[in-house]
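Sequence first, predicted coordinates after that:
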Amino acid sequence: MERSVVLGGVPTRVLDEGRGPAVVLVHATPFDLDYWSGIAADLSADHRVVRYDLPGHGAASAAPVPTTDRLVGDLIDLLDLLDVPDAHLVGHSLGATVVQRCALEHPTRVRRLSLLGARATPSPLFETLADALRRDVAAADLSINRWFTPTHLARNGDAVRYARTRIEATPVAVWADGLDLLASTDVLADLPRLTVPADVLVGEDDHGAKPEHGQEIAAAIPGARFHLIPRARSLVALENPEIVAPLLR
């Protein structure tokens, strides 16, 4: 069921599907809740799957990107609005920053944690990408070439068309601000405090959240499992839902 809610004073949309243990999916920039469509279709058979648009994205595109603290507060507010006492939190890239912080600051609300293409230390690469976007809108082309192989781009399949749509729809300033939040993520030293089951998923050819950094995150979280998605770049849930969804069960 799709519904409108207000989080942090910003109207946005939420999709709440299926029944069972709650799973909340938090997307990256410049995407929206539709990034998770393939994953949600699989998990909603036996889970309650919740996904929503972050400020500045999708239905909330008129709003600026707030602080990471506010994004964490929005996620907790959403759990309260939907009467979800605790959930399996799944985040990709910027979404992974949000769910990591949420697990650290609100441990009783998190039953399990899954991090896709995550950063836990500051990233000069994402800072550089944010600066490039602010200087030149055409820099967006650099990202789509980083996300997809030349073969995928030539095929122009559903994943590529969706990504192009989000690049066109998401304001460049919003995308850059989201990348800045991702670039400044610095929680690695705190991750050993986590006590929930955790999984870290990284594409084998991800140039931003590299496999070695994912291994570092997994090593920092007690008992965490590391999963390398072969021949994948950063958009693992979009391109490889048939591989990723079983790892989220």
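The structure has been received and is ready for your questions.

by contact count, what packs against the helix or strand encompassing S4?
Using DSSP states H and E, S4 sits in strand 2-7. Packing contacts for strand 2-7, counted by 3 or more CB pairs under 8 Å, 6 or more residues apart in numbering; DSSP states H and E, involve strand 10-17, helix 68-81. Every C-beta, even on glycine, is put in place using the N, C-alpha and C of the backbone.

As CSV, the ones you listed with mean neighbour count, distance to L153 and mean pLDDT would be great.
What follows is those, written out as CSV (neighbours: other CB atoms under 10 Å; distance: least, CB to CB, whole Å; pLDDT from 0 to 100):
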stretch, mean neighbour count, distance to L153, mean pLDDT
strand 10-17, 18, 28, 98
helix 68-81, 18, 31, 98
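
Centre of the chain to the strand holding S4, how far?
19 Å (CA atoms, centre = their mean, to the nearest Å).

List the buried residues in that strand.
V5, L7 (16 or more other CB atoms under 10 Å).

Report how many residues lie close to the residue nearest to F148 when sequence neighbours are not counted.
Leaving aside its sequence neighbours, F148 sits nearest to V160 (CB to CB, 6 or more residues apart in numbering; 5.8 Å). The local packing of V160 (other CB atoms under 10 Å) involves 19 other residues.

Average pLDDT for stretch 189-196, rounded please.
For stretch 189-196, the mean per-residue pLDDT is 98.

what does the strand holding S4 contact?
With CB atoms under 8 Å, 6 or more residues apart in numbering as the test, strand 2-7 has contacts from 11-16, 52, 55, 59, 74, 77-78, 81.

Mind doing that once more with 7 Å?
With contacts defined as CB atoms under 7 Å, 6 or more residues apart in numbering, strand 2-7 is touched by P11, T12, R13, V14, L15, D16, D74, D77, L78, L81.

show me where pLDDT drops low in the chain?
137-139 (pLDDT under 70).

okay, which residue of this protein is out on the far edge from center?
The outermost residue of the chain relative to its centre, with distances by CA atoms, centre = their mean, is A154 at 25.7 Å.

Let's verify it: helix, strand, or coil?
What DSSP: H, G, I helix; E, B strand; the rest coil gives for A154 is helix.

same question, P122
coil.

Tell me how far it lies from L182.
9 Å (CB to CB, to the nearest Å).

With E105 instead?
Distance, E105 to L182, using CB to CB: 18 Å.

higher neighbour count, these two?
Counted by other CB under 10 Å, E105 and L182 do not tie: L182 has more neighbours, with 29 against 14.

Helix or strand for the more buried one, just tell me which one.
helix 172-183.

Am I right that the residue nearest to F148 falls within a strand?
No - counting by three-state DSSP, one finds V160 to be helix, located in no strand.

what residues are up against it?
Contacts of V160 by CB under 7 Å, 6+ apart are F148, H152, L153.

Going through the residues you listed, which ones are buried?
Listed as buried from the contacts of V160 are F148, H152; burial here means 16+ other CB under 10 Å.
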